[in-house]
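Engineer: need coordinates for the below:
(4 chains)
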Amino acid sequence: MPSLLMEILLVASLLLLGALTLFNRHLVRACTWFVLFALTVSFSWWWMGFPWLASIELLLGAVLTGAFLFHALGVGPTAKRPSGLLAGWHDHPPPRGRALMRLLPALAMLAMLGLALEDLAEGRASVALWSCGMGLLGLGLWAFALHRHLIRRLLGFNVIGTGIFLILVSLADETERAAAHGLIITGLVVAMLGTALGALLIRRLEALEAQHGRQHAAGGHAI
Amino acid sequence: MIERLGLVSNALPAQAEELAALGGVLGLPLLLGLLGGLARPARGWPVAVVGVLPLLALGWLFLQVAGEGRVWTVPLGPLSLYWRVNGLALLMLLLTQAILLASALYAPTYLRVDVQAPARRQAWFWPLLGLLATSLSLIWLAADLLLLYFGLELMGLVAVGLMLLPGKADALVAGLRYLLLALIGSLAFLLGIALLLGAWGRLDLAGLTEAAEPGPLLWVAVALLSAGLLLKAAAFPLHAWLAPVHAAAWTPISALHAGLVIKASFFIALQLWLVLTPRSAPAAWLVGGLAAAAVVWGGVMAWRAAKLKDMLAWSTVSQLGYLLLGFPLLVGTDSTVAAVAWEGTWLQLAAHGIAKAAMFLAAGNLVLATGKSHLRELAGASRRFPLALLSFGIAAISLVGLPPSMGFTAKWLLLNAALMAGQWIWLAVLAAGTLLSAAYVFRVFRYSFVEDAPSLDFRPVPWSMDAVALVLALASLLLGLVAEWPLSLLRAAGGES
Amino acid sequence: MSQAWLPVIALAASLLVVPVIFALPERAWRARAVVNLGAALFKLLMVIVMVFGLYQGRDYSFRFTVVEGASFLLQVDAMGLMFAGLSALLWLATTAYAIGYLEDSPNRKRFFGFFGLCIASTVGIALAGNLFTFLLFYEMLTLSTYPLVVHRGHPAALRAGTIYLRYTLTGGLVLLLGVVAMHVLVGDVSFGQREMLADLGPDAHPMLIVLFVVLLMGLGVKAALVPLHGWLPRAMVAPAPVSALLHAVAVVKAGAFGIVRLVYDVYGIGLSHELGLLSLLTGIAVVTILYGSVRALSQQELKPRLAFSTVSQVSYIILGISLFGPFGTIAGLSHLLHQGLMKVTLFYCAGNYAEELGIHRIDELDGAGRRMPMTSLAFTVAALGMIGMPPVAGFITKWYLGMGALQSGMPWVIVVLVASSLLNAAYFLPIVHRLWFRPGPAHGRGRWPEERNLGRFETSTWLLLPTAATAMFSLATGLLAGVAFSPLDLAIFMANGEYRP
Amino acid sequence: MREILLALVPIWPLLLLLRSSLWFAVQQSDPQRLGPRPPLLDAWWVSAPLPAILLALWPGESELAVESWMLGGLWQLDEARRPWLLFAALLWGVAGWYARGYLAEERHGTAHDDGEFRRLLRFALLWPLTLAGNLLLIVAEDIPSFYLGFVTMTLSAYGLVVHTGEREARHGGFAYLVMALLGEAMILAGLLWAAGSGEALTLTELRASVTEAEQGLWMATLLWLGFGVKAGVAGLHVWLPLAHPVAPTPASAVLSGVMVKAGLLGWLSTLPLGSAEAGLAPLGEVIIVAGLAGAFAAALLGVAQRQPKAVLAYSSVSQLGMIASLVGAGLSAPALWPALAPAVTLFAAHHGMTKGALFLGVGISEHPPRLPAWLTGALLTLPALSLSGAFASGLMAKEFMKKALHDSDHATLATWLSVAAVGTTVLMTRALWRQWQERGEPAIAWRSPMALAWLVGVMLAAGVPLWLPLGKHVPWPPLADLPGLLWPAALGLGLAGLVLVAASLRHGEPRVLSRLQAGDLWWSYAALARWVLAGLAALSASLEAWNAGVRSAFGKRERRMIAALDDLTHFESHFRRLAIPLMVSVGGLLLLGFWLGSLVGVGPG
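Structural biologist: I've put the predicted structure just below:
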């Protein structure tokens, strides 16, 4: 019973944190929410009995990825105000119609997954886990399609990744756990590296554009 | 079909010697890359001397399999990894090594001559190059999804890293887009793997062949895998990231990327289809439709492109369409058709790899020599840079698919297969592709033959750069006549079913 | 050394010249001339050796597999040798001519390199032993002629080059599709294995007809059959030796030769006749002959007029082979050579006029016979040959065409022949008249457009000798048509082979 | 020896030609040099027909087969060819000799005037070439050689016709060439058709082939018309009166004397005369009618001419019409032919030599030799009388012909021919009258080549039946027949006298006559030809325009298409923006494909 309660709590908090990460208007805050989100994920791994995963998630997901995100924003321990150009740049929230349109891919993806999992999920333990994963996946995809802001897209990517990891774990048996963990670890490393590369790139881009005096141009690049 | 892929079900644990050969093929490039990063060669010849080593390792590996395909398992903790060595893998490895070696030979002089290549970034070039070689080799050799995923991710990140090396704003923006899309693509790939793992509990391809049963789950999994891979392979509607990336990248990297990197994704996708859904012809036809669209759209865009490198990048999109035709011709067709299409597809892959690499190198020489990147500014090039233009032209012959080039032989096989399968529509696609590619390629020559051009400043490039491009181009031309040789390699180690 | 290598050596002789020429520096024109002429002579020698070998019944063939079901095959038969001989002979002449023509002009290295490649492709086409190999060299020819067409690099040349490519590449593509279909249908057909298609039986006949039409469309572009001839008059902007080669030996002839191969060696004349394809060819040829002649009438410049004349004349070859019976075959095959000799002469002359006097338009030719008698004489001989006047080679063709027309039961073709002769006369004789009988600058009226005194004689010796030589040859092939190894003799030899197997 | 002579018949003139042209080449090699010119029209040059004369006089038949010559050369001199070869060669010789004198002024002018030299050089080169062609066609037995000779003669004679280069000359040459080409075309068609249907290579086989062929009548018609252009068949004769007056006199002489006979020889060589199975009788009738019509019409038109050479040309048409009617008789009544053939040959030779002498006489009347006027006049009148059939060879030929026709159902033809002779007489009178009016002052020595050649020509012409190796004896007409033979001449003279008197009374010539230009139908032909040519040109131009139109339309469409494509490239940014949705939809699409696949159950094997 407590495990079920805990499960529901975790799922709810993960979804909530994910949504906050993705849709918070304030970028620095969104990044902060992301760190919290990663911590929660790490906790979930630990709680499910995967301490290795939990520690790696803690290190790569929460600490390093968070650090790189803040680096991209230009927020550091010394400078409280974000100095990155991107931090000051906001997506204009799209009109509602378009926002709903952008939801379509996410829904399609979820539908596909639902179709696939229909006959598979029965008898497997953690329905909550994969539904949480699917929720995160949907949210992430929507955000990714909706936003054009680079950092937000990086965030979206990380959230989607987490969703997929959750689904993966939910589907894997005891016997397949090793393979699943291999995949997840690889994925985590890739996500971290990707974020790191993205963050470094953003900084470099800013430096270049500051050099050339093309303010705001970076945001103008459709990415 | 499984036999062609070398995926025999009786996997044997790898012996020490075999393991060493495998390690040599995978590890040597990485080692040499690190070495290169430390030494930063300024001339081509040390690279040439050292670059032979991976080839030797490859030869050793070839001796290990001694004429038939093998699948080895290598235990890694609780996991056991599956490796497949057969004719196809060897052919791909050879292609990889050849193009890599050419790029590596070209690079020192290029980096020295191109003033815009900062020294600090040059240091990154060599290790990344080694890493790319390793990841590619991994993909060719991997026989389970975990290894494939690992290789794919590694290759994707390294490719982005290489693309970003010039450090110019355009390159960065394009590279960022590439990075994000590649990451999303690999997520889709991962999701597909997750489904497969969940359903059948195993990731080795040979095992999956036996275990997988058609049904919504398999379909969704393969659809997700394919979508992710097609995004990485720059297949038609998902190709948008490709051209800007190439326009800004360093020449040898463009050559590698167009020649090998996107092919790896295609390779995995085709392999998965053949393993998991070898009978779903209608879906393969849909891919064929994408292929047709790719051929036409890529061709049109290349034709209208104003810059030389853009043109080449778009031509990659178009040529990838030819490769995607392998899907309808290989999936769900009978074995005689498949036999021809099989050879045609891989030959096309090799042909495009070599020819495109040669074209990029030659184009790089032209751009470097004129200092201009627009087609129009090539006026009079035929008089001033005959060698670069000649290399470009010879490679273009293969690209267009005119005899006696490799591209022609591949197209010949594909046409044969299409006719044998009664799929006439692909004839039209190949024909349109040929005409479009001729149209865009000959634009270059048209401009280069202009005689009354103003005499611009230009600096001749060192001969070694021209030589590398020329050798690659000649290879793409002459291997068409002796195509039986690569094809026999393809058949040799277990390709024949 | 095995006999199989002889065709390979012949091919390599012209192919290996190319890298040598590209390696030589631009200024080394003497070395280049030596290499060029040496290779041309060597190739001529090889062809002669092979001709003798063939008459002694030796079998030269060289084969290796390219991909499964398609092999690279060089083989020597009478038809191929005839074409190889033509190309070898005219290569020699044209090389000499080109050396003179391009004296002191830029990009000679490039020119001669691609020139050699062009001829190598022609030899390849001649010696190709199956459709696949033929296609290989056919496309190579397209590519190697493009730089020659655009050689001058001015907008008109570039435009012409683009149009040339549009036509020929499309044609090559169509041919490729046809050849692939042929391979799928019956596999690798060596030239001469006619029974393979005949054995397919009547069910395959509709398919075979469609295939024939496809292949014909592919080949017809190069053979300049109406309505696929549009590139030819445009390609006139090329330098004179190129035009000469394009019209007389390489491109146009390659197309015509391909059609000859298609009819005789792939389908076999019997099957072609049975399928009614010969009538189709006759129709196309007749239309082309008349259309080309009519269009030539209204051309005011020399080279376009010659170009349309080529359109018309090449179809004589097609007409010849489309007439069922040995005489038609003889006419078609011998015209392959005759037209080459005569047309090359005409183009040399046009080049001489342009180089020496700057003449491009026909009305500038008044009285040129007095200034350049040798050239004008050569022109007259070749023009009379084109009209079909004896004793120039063209008469032999016309004679056998007439014979063939009756043999195949189509006497109306004679009307076409006569009409074409009259039209030919109508556009050639005025030129001849202007040359000899109209007073012009040589008589003190007006000035030549751009006179340059190129040599001791009427013009440079390099230009004059090939012109005179080919004119002599076209006269001799007609006058001494009965001599052994003359084109007519070869054609009769082949026709006997076709009809009395 | 005979074979060598036979080979030399066409080759000797060509060697002479080569000699002159080599001289010229030496000249050309140094254009700056204006030293002494090589002598043109020298004695060697005149010797061109010598081998032919020798051969014709050499007894015995000869044959020369050269396998490698074109399609297999076969040259022959048999008894049928001998008279033709002899009279042709003789006339060529006489005319050549005459030309040396006639062109003496030009010859002297060459030293100073380069243009003059070139013009004469052209004459000197083309003369032997024409000669070679003419002689070749006589000795040729294989069709290609025959046709080669015919074409060579026809084409190179153009150069002789336009020798002076004046406007009339160019026009005459044009008429000549156009009609000749028309003739060549018909000959070629007929030859190809006939030879093709019987796979014939020699003229004998050709005649057999025409006999046997189903459409023999049409082949024969083509050949008749084709050679008829040369032989002046009514309607196709128009070039004769145009070309003759403008050509230099020696050229006119050979043109009218020998070359038009080539057409006649063409008929004899290609039409199956005397063969009963040929079934060409209808054609024969047509030929007779056309011949007679030509004979009369030409006489009428000729009288109206002012130029003596034009009158003589019309007379040639008239005479050739007569000969043609004899040939027609041979076709319509094959049995008659063996008797008729020698008559035709004799008539042809007689006309050739006489007409040659008459033409040479025109030059003589312009530049009379220093001889007594009565002698010159008599010598000028002699061939005229002969041609009218009132004297010498004419009388004998007429008698011979009448005899041949006598006891057949074509006896009426003889009467018609006699009536035509009236016209000839009138024409002769007219010609002599015009010559008298335009006579020049005696200027040249009687020993000069011109005068001597003329004298020889007149003598030879007068005695044709005596020396012509006809193989048959030509008897003198018995006195009893004379009135029957002479009345046309008498009547003609009377008529001419009347006309003369009338003319002298009216002081001048009737205007009707002056309106009849030389060349009669040519002018309407020219109009027709212009119309046809204009039509062709218009067709060609409209094709050109259509082509250009299509091209520009294509060009426009191409530009529009390229613009559209350029627009389309902007669409690319959508792909960039929508990458993720596109990826998902590709996935969905594939899923759909798999689902469809399971529905259809596709999957062979």
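Engineer: next to chain D, which bits of the stretch 101-250 of chain B? Give me the list.
Structural biologist: Residues of the stretch 101-250 of chain B found near chain D (Cβ under 8 Å from any Cβ of the partner chain) are B:177, B:181, B:184-185, B:188, B:214, B:216, B:218-220, B:222-224, B:226-228, B:230-231, B:237-241. The way it works is simple: take the backbone N, C-alpha and C, and place the C-beta from them, glycine included.
Engineer: next step: these restricted to helices.
Structural biologist: B:177, B:181, B:184-185, B:188, B:216, B:218-220, B:222-224, B:226-228, B:230-231 (DSSP state H).
Engineer: now the helices for the stretch 351-497 of chain B?
Structural biologist: B:381-384, B:386-400, B:406-421, B:425-448, B:463-478, B:484-492 (DSSP state H, counting those that start in this stretch).
Engineer: so for C:Phe457, which of the ones you listed sits nearest?
Structural biologist: Nearest of the helices of the stretch 351-497 of chain B to C:Phe457, taken as Cβ to Cβ: helix B:381-384 at 33.0 Å.
Engineer: please see if the closest one touches chain C.
Structural biologist: Yes. Against chain C, helix B:381-384 shows contacts by Cβ under 8 Å from any Cβ at B:Ser382, B:Arg383.
Engineer: so for that helix, what's the average pLDDT?
Structural biologist: Computed over helix B:381-384, the mean pLDDT rounds to 78.
Engineer: for stretch C:51-66, same thing?
Structural biologist: For stretch C:51-66, the mean pLDDT works out to 84.
Engineer: with stretch B:314-330 instead?
Structural biologist: 92.
Engineer: what about it, near chain C?
Structural biologist: No. Applying Cβ under 8 Å from any Cβ, one finds stretch B:314-330 out of contact with chain C, separated by at least 13.4 Å.
Engineer: and that stretch, C-alpha only, in PDB?
Structural biologist: Provided in PDB are the C-alpha atoms of stretch B:314-330 (Å, rounded to 0.1, in the frame of the first residue of the first chain):
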ATOM      1  CA  TRP B 314      21.700  18.500 -51.800                       C
ATOM      2  CA  SER B 315      23.000  15.900 -54.200                       C
ATOM      3  CA  THR B 316      23.600  13.800 -51.100                       C
ATOM      4  CA  VAL B 317      19.900  14.000 -50.300                       C
ATOM      5  CA  SER B 318      19.100  13.100 -53.800                       C
ATOM      6  CA  GLN B 319      21.500  10.200 -53.900                       C
ATOM      7  CA  LEU B 320      20.300   8.800 -50.700                       C
ATOM      8  CA  GLY B 321      17.000   8.400 -52.500                       C
ATOM      9  CA  TYR B 322      18.700   5.800 -54.700                       C
ATOM     10  CA  LEU B 323      19.700   3.900 -51.600                       C
ATOM     11  CA  LEU B 324      16.300   4.100 -50.100                       C
ATOM     12  CA  LEU B 325      15.000   2.300 -53.200                       C
ATOM     13  CA  GLY B 326      16.700  -0.700 -51.700                       C
ATOM     14  CA  PHE B 327      13.800  -1.000 -49.300                       C
ATOM     15  CA  PRO B 328      11.100  -1.700 -51.900                       C
ATOM     16  CA  LEU B 329      13.500  -3.800 -53.900                       C
ATOM     17  CA  LEU B 330      14.800  -5.900 -51.000                       C
END
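Engineer: tell me the buried residues in it?
Structural biologist: With burial defined by 16 or more other Cβ atoms under 10 Å in any protein chain shown, the residues of stretch B:314-330 counted as buried are B:314-330.
Engineer: tell me the contacts of C:Ser322?
Structural biologist: Residues in contact with C:Ser322 (Cβ atoms under 8 Å, 6 or more residues apart in numbering or on different chains) are C:Val263, C:Leu278, C:Ser279, C:Leu280, C:Leu281, C:Thr282, C:Ala285, C:Gly328, C:Gly332.
Engineer: other residues contacting stretch D:168-184?
Structural biologist: Contacts with stretch D:168-184, where a contact means Cβ under 8 Å, 6+ apart, come from C:422, C:425, C:429, C:437, D:150-151, D:154-155, D:157-158, D:161-163, D:225-230, D:236, D:238-239, D:242-247, D:263, D:519, D:522, D:526, D:529.
Engineer: same question for stretch D:194-205.
Structural biologist: Against stretch D:194-205 from outside (Cβ under 8 Å, 6+ apart): C:327, C:399, C:402-407, C:411, C:414, D:71-72, D:74, D:140-144, D:146, D:206, D:208-210, D:212-213, D:215-216, D:219, D:223, D:269-270.
Engineer: change it to 6 Å
Structural biologist: C:402-403, C:406, D:74, D:141-143, D:206, D:209-210, D:213, D:219, D:269 (Cβ atoms under 6 Å, 6 or more residues apart in numbering or on different chains).
Engineer: biggest helix in chain A by residues?
Structural biologist: helix A:177-212.
Engineer: touching chain B at all, that one?
Structural biologist: Yes. Using Cβ under 6 Å from any Cβ of the partner chain, helix A:177-212 reaches chain B at A:178-179, A:182, A:186-187, A:190, A:193-194, A:197-198, A:201, A:205, A:208.
Engineer: buried only: go through the residues you listed for me.
Structural biologist: Among the residues of helix A:177-212 next to chain B, those scoring as buried are A:178-179, A:182, A:186-187, A:190, A:193-194, A:197-198, A:201, A:205, A:208 (criterion: 16+ other Cβ under 10 Å).
Engineer: gap between the two ends of stretch B:237-250?
Structural biologist: End-to-end distance for stretch B:237-250: 25 Å, by Cα to Cα, to the nearest Å.
Engineer: considering only helices and strands, which part of chain B has the lowest mean pLDDT?
Structural biologist: Here the helix or strand of chain B ranked lowest by mean pLDDT, DSSP states H and E is helix B:381-384, holding a mean of 78.
Engineer: what of chain D?
Structural biologist: helix D:511-515 (a mean of 57).
Engineer: I'd like the next helix or strand past that helix.
Structural biologist: helix D:522-569 (DSSP states H and E).
Engineer: quick check: mean pLDDT across that next one?
Structural biologist: Averaged across helix D:522-569, the pLDDT comes to 88.
Engineer: thank you, goodbye.
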